[in-house]
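please find the sequence and the predicted model below.
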Amino acid sequence: MKRSRINEIIREGDAFIRAHGYCLPPFAYWTPEALRAADHAEIKRRRMGWDITDYGAGRFDDLGLFLFTTRNGLNGDLGKRSAMLYAEKIMISRRDQLSPNHRHALKVEDIINRGGGTLVLELHAATPEGGIDRHGPVTVMCDGIDRTLPPGGHLKLDPGESVTLFPSTWHAFWGEGSDVLIGEVSTVNDDLTDNIFEMDIGRFSTVEEDEAPLHLLVSDYDDKL
Ligand SMILES: [Fe+2]
């Protein structure tokens, strides 16, 4: 994806988020130079910040997701009795923009419709080996109430509704009717190791540098911070 397109998506996403009354933390608006000059060690280590992904496929409008990680613990702290074992993201799924089928190895996440259109999730249970169970029903908790769907069933979440997804649930999702502002509250998030995709795709965009970055993406940190 071209950097100019990423910059445009950041501007559009920021406006959409603000229109729903949500405010990003101050470091979201630091320039790359300001981020480099600041004490950014924890921001980098916890991989907090902008994450605009086309899953490496170059078709953002069809296959992509806007994410911003506002807080995150560390995998190494998992298992401790008392530690920052949680993470939070704000995301945007555009209308009919697919986040492809995946599950997580460790992360448990609540996916929350924070406003906009209807969020549709296509769900499958995992087999005991971790594959996709295409024959059995899938049960998920939605705001404290268990719901059971057929394999590949579509769970529709209106604004205010949420679902809890354990590593035993495969999920793909998209916005229906309109773009959707999505909250994610989860255990520690590690996008380098924790996503298992059905398709052979990447997790991050491949960036073509055609203009200066407005803000660095988390996937830029290793090269540019
Ligand atoms: Fe997920």
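Okay, I see it.

list the residues that contact the residue nearest in space to the middle of the chain.
In the chain, the centroid-proximal residue (CA atoms, centre = their mean) is residue 67; its distance is 5.1 Å. Under the criterion of CB atoms under 8 Å, 6 or more residues apart in numbering, the contact list for residue 67 reads 50, 51, 52, 53, 89, 90, 91. Quick note: C-beta positions are derived from backbone N, CA and C, even for glycine.

most neighbours, which of the residues you listed?
Neighbour counts for the contacts of residue 67 were taken using other CB atoms under 10 Å; the highest belongs to residue 52, with 26 neighbours.

and which of the contacts of residue 67 is nearest to residue 22?
The shortest approach to residue 22 among the contacts of residue 67 belongs to residue 90, at 6.2 Å (CB to CB).

other SSEs contacting the helix or strand that contains the closest one?
In this assignment (DSSP states H and E), residue 90 forms part of strand 86-93. For strand 86-93, the packing partners by 3 or more CB pairs under 8 Å, 6 or more residues apart in numbering; DSSP states H and E come out as helix 3-19, strand 65-72, strand 169-187.

between the ones you listed, which one is closest to residue 40.
It is, among the helices and strands packed on strand 86-93 and with distance given as CB to CB, strand 65-72, at 13.9 Å.

dump the residue contacts of residue 93.
If you count contacts by CB under 8 Å, 6+ apart, residue 93 has them with 65, 66, 99, 119, 173, 174, 175, 179, 180, 182.

swap the cut-off to 6 Å and go again
For residue 93, the residues meeting the contact criterion (CB atoms under 6 Å, 6 or more residues apart in numbering) are 174, 175, 180, 182.

so which of these wins on neighbours?
Neighbours here mean other CB under 10 Å. Within the contacts of residue 93, the largest count is held by residue 180, at 27 neighbours.

and it, how far from residue 211?
Taking CB to CB, to the nearest Å as the measure, residue 180 and residue 211 are separated by 28 Å.

could you do residue 68 as well?
Counting by CB to CB, the separation of residue 68 from residue 211 is 21 Å.

which of those two has more neighbours?
Taking other CB under 10 Å, residue 68 and residue 211 do not tie; residue 68 has more neighbours (24 against 11).

list the contacts for that one?
The contact partners of residue 68, taken as CB under 6 Å, 6+ apart, are 50, 90.

and it, bridged to which residues?
With DSSP bridges applied, residue 68 shows beta-bridge pairing to residue 50, residue 90.

ok, now residue 164?
What pairs with residue 164, by the bridge criterion (DSSP bridges), is residue 110, residue 141.

ok, back up a step: give me the next element, helix or strand, following the strand holding residue 90.
Later in the chain than strand 86-93, the nearest helix or strand by DSSP H and E is strand 99-104.

listing partners with orientation, what would you give for that following strand?
Strand 99-104 has its sheet partners listed here by DSSP bridges as strand 169-187 (antiparallel), strand 195-197 (antiparallel).

got CSV for these, with mean pLDDT too?
Conversion of the strands paired with strand 99-104 to CSV gives the following (pLDDT from 0 to 100):
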stretch, mean pLDDT
strand 169-187, 98
strand 195-197, 96
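
how about JSON lines for these, with distance to residue 131 added?
As requested, the strands paired with strand 99-104 are arranged in JSON lines below (distance: least, CB to CB, whole Å):
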{"stretch": "strand 169-187", "distance to residue 131": "9"}
{"stretch": "strand 195-197", "distance to residue 131": "10"}
